[in-house]
Every structure is written in structure tokens, then in C-alpha cells.
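K.L.:
this is the structure alone, sequence omitted:
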């Protein structure tokens, strides 16, 4: 599957991270699971995923800090970012959008199936 779409999953919650990774891999995506923001940033130095699934509340580097660093530095590969978070306040949504997120899902309000379907939509709608 050399042409599999690559997803960077930045999620520190082991259960959700593993479930999501396994589910996306079953759909045919290649998933790299970073357990914190730093690990995700390291990945972006040498890899260009087709999509980033990003939690906001992360150890070391928060999701918002992650997005700011990616935006402000050319050392990181750019990729569309979809936020998956427990934070569902309007201010969080607005900040995510201001930092360039193309989607924002509140974990408690989205099922695994819906999330996987949205990921598929995002990756197929951008040409491919």
C-alpha cells in the first residue's frame, strides 16, 4: 500500500489513540501515532502526512502550541489539521480555526464511525 494516505495521529490517551489508529488502518490508511505534541512535531520534520488528527490537551506541547509551531516554522511539513478534543467551548473552536484547523470534533460528541467517515471525506475531497 505505497499509495496509502498518511495520517499523523497526535493523541496521548492510550485507549482512544490505539482504537483510532487500528480503525483507520483497517480503512487502509497509514497511521503514525504520536503520544505527545513533541513527538508529533518531530514526525513533521521528516514526514509529510496527508492529514493530522490532533488532540488539544497533550503533554509537553499542547495542540494549540503544536499548530502555532507548524504555522510559524518552515522546519515542519504542512498538512491539513483536524482537531479531536474534549474541549468544546466556542473559544476553543475559534482558536482552532484561527490556527488553520479544517475540522474540529469534540470527542464526547462524535462516534468513532463518524470520525473515520469525516477523515475519509477530508482525504478524498482534497484531490485524491
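P.N.:
Structure's in. What do you need? Keep in mind that this is a model prediction, so the values were computed, not measured.
K.L.:
tell me who's in contact with the most centrally placed residue in the chain.
P.N.:
Per C-alpha atoms, centre = their mean, the C-alpha nearest to the average position across the chain is that of residue 53, at 1.2 Å. Counting by C-beta atoms under 8 Å, 6 or more residues apart in numbering, residue 53 touches 7-11, 20, 82, 84, 119. Any C-beta I mention is one placed from the backbone N, CA and C, and that applies to glycine too.
K.L.:
relative to residue 108, which of those residues is nearest.
P.N.:
Checking those against residue 108 with C-beta to C-beta, the nearest one is residue 84 at 10.7 Å.
K.L.:
can you give me how far the helix or strand containing the residue nearest to the centre of the chain is from the chain middle?
P.N.:
For residue 53, the host element (DSSP states H and E) is strand 51-54. In this view, strand 51-54 has its centroid 2 Å away from the chain centroid, taken as C-alpha atoms, centre = their mean, to the nearest Å.
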